[in-house]
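> Got a predicted structure plus its sequence, pasted below:
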Amino acid sequence: MSISNKYKKLALAGMVLGSAGLMQACTGDFEEMNTSKTKLTTLTEDELPFLFSRAEQQASYQSGTYQIAQNLFADLYAQYFATSATYFPSDRYVMRFDWLTGHWNPIYTQVVPQLKTLFEQTDPNSAEYALANVMWVYAFHRLTDYYGPIPYFDAGKPAISVKYDAQADIYKDFFVRLDAANTALKANAAAKPYGTFDLIYAGDVAKWIKFTNTLRLRLALRISKVDPAEAKKQAEAAYAAGVMTEITDDAYMVKKLVGDDGNGLSRIAVWNEFRMSASMESVLKGYQDPRIGIYFQPATTTKTYDGLRNGLSPTQLALPKNLNNDNSNVGTRWVTGSGAAWDTKFETPQDIMHTAEAYFLRAEGALNGWNMGGTPKDLYEKGIAASMAQWGLTGAAVTAYINSPAKPVAPGDQQNSPALSDVSIKWDEAATAAVKREKIGTQKWLALYPDGIEAWAEYRRTRYPKLYPVVNSENEDVPAGAVLRRIPFITAEKETNKAAVEAAVQLLGGPDKASTPLWWDKN
C-alpha cells in the first residue's frame, strides 16, 4: 500500500473512532448511538494497524494541535523557547484553557478509542497488545504530568461523568503495563507488530523492548523523591530488562504532508511567534556547545545566536534586542530562511525518545546508589556522547567538550541577565552530590531538546537546570520568581464533568492552582 493511501486510511480511522469517543463523552443515549456509528466490532484485522498509527500520531500531538498542546506551555516552561509575539500571555503564566483543550482532547478522543479497540481485538499475549499498552502509558504520562489527577481507569467508558484518579495510582498502573509489555514482546521476538503502520519503529520488536524499558526507567526516576524504594525497584528492573544503548535505538515518528501530519515544530516555526530562550543561549554559548548550530539559527539582524528572557511584557517585546529578527529561530532541521520568509520542513521526523536520555537517567540512578551498570561519571559522559552522535557530532571535538571546564555565560540580553549557573561540563568526583545532579540535569535538558513536555516535567522534579525567573507573571498564584508546578484543571471539564473535577481536587492534595505541586514533585 502506498504511503499516501496509508495516511488517508489513517485519517479515516481517526474520524471514525474519534467520533466514537466524543459521543461517549457527550450523550447518555449510548445504545442508540453505538448502533452502527460506533460499532467497533465491524473492524477487520487488516484495519487494526491504522488504529495504532492514529494513536501514535495523536499521543505525540499531531501537527495541528502541537502549538497549543506543547509549544505555548511546556516548551516555554522548560525554557527552550520564549514567546516573541505580544498576543501569547502563557509565557507570563496566564492559563489559556481554551488552548489547553488541544492538549487534553486528543488523548481522550483520538488515542483512547483506538487503543481500547486494540485491547478488545488482539490477544493479550501478543506483541500488538503489548505495543498498545506501551502507547497507552506514553500518552497518559504526558497528560497526567500536566495536571495531576485525570480520568484514567474509566477513560473511554460510556458515562456522563467520568471520575478522576490519583496520580500515584496511575503511575502504579504504568509500571504494571510496561512490565507486561516487556514480557509479551520478549515472548514474541520474531513478530513484526503493525509492520510499517508502526510510525516509530516499523514493527521492530527489539527496539520496542528498549523503548518500553527506557520509558519505565524515565517514570522510575520521576517517582524517586516520593517513593524511593519503588523507584529503585522499577529502575533496576528496567535496566536489567534492556534499555536504549545505541543511537540506532532512538525513537522518531514518521511525518508526512499527506493527511496534514507534518512536523508540528516545523509547522509553527515559520510564524515568527517564538525564539530561543535566554536560558538556552547562556548554556549553549557558555559551553561552546556544537549543538547550538543544530538547535538554532543565527539571528537575522546580528548573525549571532541570541535569545529572549521568558515572560516579557508586550511593551518589552517591542524594545531593541527583543524583536524577532534580533533573536534565533529553530535550526535548519525544522525551517530555513530568515526575517519574515521561512520555509517549513514538514516531513522532518518528530523526536520521541533518545538513547542519551537513558544514559542520563542511569547516571542519576547510579548517583542514588542503584545498580545501573556503570558509574555516574561513565554514564554521564556516555549520555553526552550519545546526544552529540544523535546530531552527527563525534570524535575529538566531543571528547574535548566532555572534558571542558566551560560554564554558562551572561546572554547579553535586553535585561542584562547574569550567567544562568556556574556549573561546568567536566565531571568532578570531588564535587558535591548537588553539583553532580546539576551537571546531569543540565546535560539531560540539552539532550531532551526539543521535547519540552519531558523537559518541564524533569525540571519540576529536579529543579535542574537552574532557569531564569520569568520577567513578568500575570498569574497571582505564581508570582515572578516562583515555579509553575502544574496546569490547573481545564474549564471545559469543570463545565461538563463538574462533580468529578471537584473530587479530583481532593486527590490533588492542594488547591486547583498552578502553584500546587504534583504527587511526585517534592521540592
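Happy to help now that I have it. Numbering: from 1, shown residues only.
> make it CA atoms for all contacts and neighbour counts henceforth
Noted.
> Tell me who's in contact with Ala341.
Val270 (Cα atoms under 8 Å, 6 or more residues apart in numbering).
> And for Gln316?
By Cα under 8 Å, 6+ apart, the neighbours of Gln316 are Asn322.
> In terms of helices and strands, where is it?
Per DSSP states H and E: Gln316 is located in helix 314-317.
> For the next helix or strand after that helix, buried residues please.
Note on helix 314-317: by DSSP H and E, the next helix or strand toward the C-terminus is strand 335-338. Neighbour-count burial for strand 335-338, counted by 16 or more other Cα atoms under 10 Å, picks out Val335, Thr336, Ser338.
> what do you get for stretch 183-193?
Thr183, Ala184, Leu185, Lys186, Asn188, Ala191, Lys192, Pro193.
> Let's test this: mean pLDDT of stretch 161-177, rounded?
Stretch 161-177 carries an average pLDDT of 98.
> List the contacts of it.
So stretch 161-177 is contacted by 25, 133-134, 137, 144, 148-155, 216, 219, 234, 496-497, 499-501, 503-504, 507-508, 519 (Cα under 8 Å, 6+ apart).
> For it, buried residues please.
Buried, per 16+ other Cα under 10 Å, within stretch 161-177: 161-168, 170-171, 174-175, 177.
> can I have that stretch written out in PDB, keeping just the CAs?
Output in PDB follows, covering the C-alpha atoms of stretch 161-177 (Å, rounded to 0.1, in the frame of the first residue of the first chain):
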ATOM      1  CA  SER A 161     -19.400  11.900  34.300                       C
ATOM      2  CA  VAL A 162     -16.000  10.200  34.400                       C
ATOM      3  CA  LYS A 163     -14.100  10.100  37.700                       C
ATOM      4  CA  TYR A 164     -10.500  11.200  38.100                       C
ATOM      5  CA  ASP A 165      -7.800   9.000  39.500                       C
ATOM      6  CA  ALA A 166      -4.900   9.800  41.800                       C
ATOM      7  CA  GLN A 167      -1.600  10.200  40.100                       C
ATOM      8  CA  ALA A 168       0.000   7.700  42.500                       C
ATOM      9  CA  ASP A 169      -2.500   5.000  41.300                       C
ATOM     10  CA  ILE A 170      -2.000   6.000  37.700                       C
ATOM     11  CA  TYR A 171       1.800   5.500  38.000                       C
ATOM     12  CA  LYS A 172       1.300   2.100  39.600                       C
ATOM     13  CA  ASP A 173      -0.700   1.000  36.600                       C
ATOM     14  CA  PHE A 174       2.000   2.400  34.300                       C
ATOM     15  CA  PHE A 175       4.600   0.100  35.700                       C
ATOM     16  CA  VAL A 176       2.200  -2.900  35.600                       C
ATOM     17  CA  ARG A 177       1.500  -2.200  31.900                       C
END
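> all helices of the stretch 101-250 of the chain, in order?
Secondary structure of the stretch 101-250 of the chain (DSSP state H, counting those that start in this stretch): helices located at 112-121, 127-147, 167-187, 205-222, 228-241.
> quick one: contacts of the fourth one?
Judged by Cα under 8 Å, 6+ apart, the contacts made with helix 205-222 from elsewhere in the structure are 127, 131, 134, 138, 171, 175, 178, 181-182, 185-186, 188-193, 201, 230-232, 234-235, 238-239, 241-244, 249, 251, 353, 358, 361, 365, 458, 461, 520.
> switch to 7 Å and redo it
With contacts defined as Cα atoms under 7 Å, 6 or more residues apart in numbering, helix 205-222 is touched by 134, 175, 178, 182, 185, 189, 191-192, 201, 231, 234-235, 238-239, 241-244, 249, 358, 361, 461, 520.
> Out of the contacts of stretch 161-177, which end up buried?
Of the members of these, the ones counted as buried by neighbours, 16+ other Cα under 10 Å, are 25, 133-134, 137, 144, 148-152, 155, 216, 219, 234, 497, 500-501, 504, 507-508, 519.
> mind checking how far Ser60 is from Leu221?
Using Cα to Cα, to the nearest Å, one gets 21 Å for the distance from Ser60 to Leu221.
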